[in-house]
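>>> Kindly generate the corresponding structure for this input.
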Amino acid sequence: MLTDTDPRVLAHINLFAVLGALPSLAEHAPEARPLLAAVDRPTTVRFRVRGLPDRALTFDRDGIAEGAHGERTVTLVLRSPAHLNAMIDGAAQPVPLARPAGLRFLTQVFAPLADLLGRYLRPSEEDLADAAFSEASAVITLHVAVAAIAQVANTDRSGRFSAGLIPDGQIALEVGDSLDLRLHARDHALTFDPAPASSPARAALTFRDLDVAGDVLAGRASALACLGDGSMAMRGFIPMIDNVSRILDRVGHYLGEQP
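Below you'll find the predicted structure:
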């Protein structure tokens, strides 16, 4: 059934989209800055999940970046995709491989940042009443959603079917004049590139503003209704957008399982 979900696909989303939003959190959430100020030297957190590719993020006082280029490495071992999913749900803990300074980093920096990320991805009504918080939450949520599209396109059975109908080229998800996030399609696989766009997209899905993007991606508003009232629009090679929208619907089933 199209509503069925695969724990391994969810683990890919958690590893590469949810945890992958930590760099965006560091950039857009002011509460992240004092936490990063406690980093005494660049520290790489490496995630080792049995059955999944390794993943690494490096933390320093200036922010969080992809890759392993820290002076110190902390490894979080998870025995299965289900273990990773439980960690993201707050129902399990990874096995840390670290010296005492690395363990302090985990408790004083990484864990509070992970909690902060959860707050921005699942904001309360009180949080959303703050305009600055709401804007940052929408930006971070957009990064998670676009990254999750790539993971579902490449690992989920239904997602792979839709990706098989997407020709090579770039698909843009745009918000007003401020954001242009790109999915790159090649050989029916999708990758998310958070770097600034450098060439025209073959197709684009546009949101009028961050409020519309945040509401649609969080499930608070209907994409169909937004297309009808003009707060969302499509341009370019529409079959690409149509299939990306189908994958985005699958993303909603996976992210909807998160507490």
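
>>> Secondary structure class of the nearest residue to G214 once chain neighbours are set aside, three-state.
With sequence-adjacent residues excluded and distances taken as CB to CB, 6 or more residues apart in numbering, G214 is closest to A138, at 3.2 Å. All C-beta atoms are positioned from the backbone trio N, CA, C, and that covers glycine. At A138 the chain is in helix, as set by DSSP: H, G, I helix; E, B strand; the rest coil.

>>> For stretch 230-242, buried residues please.
Across stretch 230-242, burial judged by 16 or more other CB atoms under 10 Å covers S231, M232, M234, G236, F237, M240, I241.

>>> again with stretch 195-205
Across stretch 195-205, burial judged by 16+ other CB under 10 Å covers A201, R202, A203, A204, L205.

>>> Now the second one. Nearest residue, chain neighbours left out?
Same thing as R202. Excluding its sequence neighbours, the residue lying closest to R202 (CB to CB, 6+ apart) is G169, at 3.4 Å.

>>> State the mean pLDDT of stretch 9-27.
Stretch 9-27 shows a mean pLDDT of 97.

>>> could you pull out the helices for the stretch 101-250 of the chain?
Remark: helices assigned in the stretch 101-250 of the chain by DSSP state H, counting those that start in this stretch are 111-121, 125-128, 131-155, 157-163, 210-217, 223-229, 238-255.

>>> L36 is nearest to which of the ones you listed?
Judged by CB to CB, the one of those that comes nearest to L36 is helix 111-121, at 7.8 Å.

>>> Give me the helices and strands touching the closest one, please.
When contacts are defined as 3 or more CB pairs under 8 Å, 6 or more residues apart in numbering; DSSP states H and E, helix 111-121 packs onto helix 22-28, helix 32-36, helix 131-155.

>>> Can you mark which positions in stretch 84-102 are buried?
L84, N85, A86, M87, I88, P94, P96, A98, G102.

>>> Let me know the angle separating the lowest-mean-pLDDT helix or strand in the chain from helix 238-255.
In the chain, the helix or strand scored least confidently by mean pLDDT, DSSP states H and E is helix 210-217, which has a mean of 78. Here helix 210-217 runs at an angle of 70 degrees relative to helix 238-255 (axes from the mean of the first three to the mean of the last three CA atoms, to 10 degrees).

>>> Output the helices and strands packed on helix 111-121 as a markdown table; include the columns mean neighbour count and distance to L183.
Listed next are the helices and strands packed on helix 111-121 as a markdown table, based on neighbours: other CB atoms under 10 Å; distance: least, CB to CB, whole Å:
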| stretch | mean neighbour count | distance to L183 |
| --- | --- | --- |
| helix 22-28 | 21 | 16 |
| helix 32-36 | 16 | 26 |
| helix 131-155 | 23 | 6 |
